[in-house]
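A.B. asks: Fold the following.
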Amino acid sequence: MIYLDTHVVVWLYAGDTDRLSVPAREHIEGDALLVSPIVQLELAYLKELGRITAESALILETLEQSIGLGVCRQPFLRVVVESLGQHWTRDPFDRLIVAQARVSGAKLITKDRTIRENYGLAVW
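C.D. replies: Residues are numbered from 1 along each chain as shown. Model prediction:
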């Protein structure tokens with residue numbers, strides 16, 4: 001099981017797999033894939049900002065059908081409590097995405113250097 005950061009989800013939906021590292025591609029091909037529910041909200045924000053054109057639900061549904069991407073069902077309060085101890089960022093999306101992976105003891109695919117420096121199970 002491995003979690004995906006929002007930008008990885010966007011690239012996969014766009015078919016832009018060349019932006020992924022070799023290790024990231026290997027994990028995507030070989031592991032069960034999950035996202036935090038907060039990724040759906042961040043995707044909606046990106047659409048509102050004009051950075052992406054597809055609706056968040058469409059992106060997640062498409063990737064569920066094409067690569068088996070799931071949305072984690074852990075109790076959100078547990079994830080929020082875990083995120084409270086992460087003082088390395090003020091970005092609430094990053095805090096919650098990392099907390100979601102941390103609660104599961106799972107890896108997280110992300111290109112974000114700050115996340116990789118602060119979450120030992122981050123992969124790129």
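A.B. asks: ranges for the helices of the chain?
C.D. replies: 6-14, 22-30, 38-48, 56-67, 76-83, 92-104, 113-118 (DSSP state H).
A.B. asks: Burial check on the nearest residue to residue 94 once chain neighbours are set aside, number of neighbours?
C.D. replies: Excluding the flanking residues, the one nearest residue 94 by Cβ to Cβ, 6 or more residues apart in numbering is residue 115, at 6.0 Å. In this view, the C-beta of every residue, glycine as well, is placed from N, C-alpha and C. Using other Cβ atoms under 10 Å, residue 115 is surrounded by 22 other residues.
A.B. asks: picking up where we left off before, highest mean neighbour count out of the helices of the chain?
C.D. replies: helix 92-104 (a mean of 22; mean count of other Cβ atoms under 10 Å).
A.B. asks: So which elements touch it?
C.D. replies: Identification of packing neighbours for helix 92-104 by 3 or more Cβ pairs under 8 Å, 6 or more residues apart in numbering; DSSP states H and E yields strand 2-4, helix 38-48, helix 76-83, strand 107-109, helix 113-118.
A.B. asks: Please work out the average pLDDT along the last one.
C.D. replies: Translated: helix 113-118. In this model, helix 113-118 has a mean pLDDT of 97.
A.B. asks: Cool, thanks, signing off.
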